[in-house]
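# let me see the structure of the following:
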Amino acid sequence: MRTPLLLAAGLLFVAATPCAPARAQGAPFQSLLSGKGAPLTRKLKEFTPQWRRINVMTQGDAGAGGMASGFIGAMFGGGAGFGGARPGYYTEGETVMVGGETYLVAYKTETKPLDVSTLMRLGQGGQLPPPEKLSAESVLHLTLLNVRHIAGITDIRAFDLDRELAESEKAAKEEADARAQLQGRFGGGVEAPPAVGEAIAVPDAAVPAAPEKPAKKPVAKPKAPAKKR
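Below you'll find the predicted structure:
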């Protein structure tokens, strides 16, 4: 009688075993989101040479969306603020498993690139904002990169604060020059189209003047006949 009971207990234990990893997988992810597993933000000066600075290309960057962004960036100056170089990621190479997917734990700056609405306001006389650049106090945010969606990792190097600041300064200057050219190209302002039903004022210079009538020549009066004596 003991053998069937022991066998049944063993089957129940085996059946319950797969549930344990499922609960364990959620623990690292919950720890990261709560800020216990890793800080949600870090300042640039807090990184050490043990960290790696990398450039990440995702599958979306390699597709039509990335090509369109690059085309628009080249058309409107090609700077880092619009379709140009993307900010790098900083990581120690740590990964976390969530739901069978592997995520790379990294940090990235939150930049505000130029968008189409900003360029449209520029055409109406608006001003472009100055480009952003890194400082030692810049705040970077925790980012989880799905390893399966990464198309490539390039420019892997040890973190160097002085190099990061120098490269950011150079990139910001190039971006400022590109935005200045863009501002000069469209900075004159283009008036917004008139609303529906609004009368369009036409400058006087645009209205052709009516041709002047030729002056009439004076008609000579006939001389009176001389009187006979």
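
# going forward, measure contacts and count neighbours with C-alpha atoms only.
Noted.

# please name the nearest non-neighbouring residue to residue 144.
Once flanking residues are discounted, residue 144 sits nearest to residue 105: 5.1 Å by CA to CA, 6 or more residues apart in numbering.

# quick one: what helix or strand has that neighbour in it?
Take DSSP states H and E as the rule and residue 105 turns out to sit in strand 101-109.

# what helices or strands is that strand leaning on?
Under the contact definition 3 or more CA pairs under 8 Å, 6 or more residues apart in numbering; DSSP states H and E, strand 101-109 sits against strand 89-98, strand 139-146.

# hang on, isn't residue 131 packed against residue 175?
Yes - between residue 131 and residue 175 there is a contact at 6.4 Å, judged by CA atoms under 8 Å.

# contact partners for the residue nearest to residue 144?
Contact analysis of residue 105 by CA atoms under 8 Å, 6 or more residues apart in numbering lists 91, 92, 93, 94, 95, 96, 142, 143, 144, 145.

# what about residue 100, neighbour count?
9 (other CA atoms under 10 Å).

# and stretch 180-187, which residues are buried?
Neighbour counts over stretch 180-187 (16 or more other CA atoms under 10 Å) mark 180, 182, 183, 186, 187 as buried.

# from residue 173, how far off is the fourth one?
When you say that, I think you mean residue 186. With the distance defined as CA to CA, to the nearest Å, residue 186 ends up 20 Å from residue 173.

# now do the second one
Counting by CA to CA, the gap between residue 182 and residue 173 amounts to 14 Å.

# hang on, the earlier thing: and the buried residues of stretch 180-187, which two are furthest apart?
180 and 186 (10.0 Å; CA to CA).

# in this protein, which spans are helices?
Ranges of helices in the chain, per DSSP state H, are 2-16, 19-33, 59-62, 64-75, 116-123, 161-186.

# out of the buried residues of stretch 180-187, which one sits closest to residue 150?
Taking CA to CA as the measure, residue 150 lies nearest residue 182 of these, at 33.1 Å.

# pretty sure residue 132 contacts residue 172?
Yes - at 6.5 Å, residue 132 counts as touching residue 172 under the criterion of CA under 8 Å.

# where do the contact lists of those two overlap?
By CA under 8 Å, 6+ apart, no residue touches both residue 132 and residue 172.

# so, low pLDDT: which residues of this structure?
Residue ranges of the chain with pLDDT under 70: 1-27, 61-86, 123, 187-229.

# any idea which of the contacts of residue 105 is closest to residue 155?
The nearest member of the contacts of residue 105 to residue 155, counting by CA to CA, is residue 91 at 12.9 Å.

# for burial, what's the neighbour tally of the closest one?
By other CA under 10 Å, 22 other residues sit near residue 91.

# isn't it up against residue 108?
No - using CA under 8 Å, residue 91 is not in contact with residue 108, being 9.2 Å away.
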